[in-house]
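**Q** need coordinates for the following:
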Amino acid sequence: MRLRFLKPALLAATAALALSACATATPYGPAGVDSRYGYSDQRVDADRYRVSFAGNSVTSREQVEMALLLRAAEVTAESGYDWFSTVNRATDRDVRFQGIPDPFYRDRYSPFWGPAWRYQRRGLWSPWGDPFGREFDVREIDRFEASAEIIMGRGAKPAGDPNAFDAREVIQNLGPRVTRPM
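**A** Numbers count the residues shown, from 1 in each chain. All right, here's what the predicted structure looks like:
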């Protein structure tokens, strides 16, 4: 008898876990064939790279920009340089709207809607029918992508440049704060 009640609860918990796994921020990793989200970099010159990071709709602007700086620092360290400076840096926001139908709405052709459902004719309005159609909730979905062109250098970073970063300090400070793939 207890199994009969346990089975629906187990199915509901499994479904909730599966849905929560879909709604996670973009993990820090390379963008590739499986996903367009993550980082990518391209060498432009001997000491210059173009670096970008694209996040999904649950990844905040702050997380995207933090991952971009971390990737720029990693590219700098892997190339044997000590610091980098961002030359061109931009964060793009992609906005789209999604209409979600109201799950509790019943149209006039439903047998449970109202007493006049059998008698309504096309084009006639009735107090039991909605003349404007089905109701929708509208949700705004934001997605951020940050990109930068970096110049790398050796030695101490330039003191007067606010766009210059010490690569090892950035890795040490931001590395633990990004979400890594499991």
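
**Q** pretty sure residue 160 sits in a strand.
**A** No. Counting by DSSP: H, G, I helix; E, B strand; the rest coil, residue 160 falls outside a strand, being coil.

**Q** give me the neighbour count for it.
**A** 5 (other CB atoms under 10 Å). For glycine as for every other residue, the C-beta is placed from the backbone atoms N, C-alpha and C.

**Q** and the helices in this structure, which stretches?
**A** Applying DSSP state H to the chain gives helices spanning 2-22, 61-78, 167-174.

**Q** which stretch in those helices is the model least sure about?
**A** When those are compared by mean pLDDT, helix 2-22 comes last with a mean of 53.

**Q** residue 155: how many residues sit nearby?
**A** Neighbours of residue 155 (other CB under 10 Å): 8.

**Q** confidence score at residue 160?
**A** 87.

**Q** show me where pLDDT drops low in the chain?
**A** Scanning the chain for pLDDT under 70 picks out 1-23, 102-136.

**Q** what segments of it are strands?
**A** 38-45, 48-54, 83-101, 136-153, 164-166 (DSSP state E).

**Q** what residues are up against residue 173?
**A** By CB atoms under 8 Å, 6 or more residues apart in numbering, the contact set of residue 173 is empty.

**Q** among the strands of the chain, which is nearest residue 26?
**A** Of all the strands of the chain, it is strand 38-45 that lies closest to residue 26, at 6.3 Å by CB to CB.

**Q** quick one: the closest residue to residue 88 other than its chain neighbours and residue 160, what's the gap?
**A** What sits nearest to residue 88 in space, not counting adjacent residues and going by CB to CB, 6 or more residues apart in numbering, is residue 149, at 4.6 Å. Here the criterion is CB to CB, to the nearest Å. By it, residue 149 lies 20 Å from residue 160.

**Q** likewise residue 137?
**A** For residue 137, the distance to residue 160 (CB to CB) stands at 51 Å.

**Q** deepest-packed of the strands of the chain, please.
**A** Sort the strands of the chain by mean neighbour count, taking mean count of other CB atoms under 10 Å, and strand 48-54 sits at the top with a mean of 22.

**Q** which helices and strands sit right next to that one?
**A** strand 38-45, helix 61-78, strand 136-153 (3 or more CB pairs under 8 Å, 6 or more residues apart in numbering; DSSP states H and E).

**Q** nearest to residue 29, out of these?
**A** Taking those one by one with CB to CB, strand 38-45 is closest: 4.9 Å.

**Q** residues in contact with that closest one: which ones?
**A** Against strand 38-45 from outside (CB under 8 Å, 6+ apart): 26-32, 49-54, 67-68, 71, 75, 149.

**Q** if we use 7 Å, what do you get?
**A** 26, 29-31, 49-54, 67, 71, 75, 149 (CB atoms under 7 Å, 6 or more residues apart in numbering).
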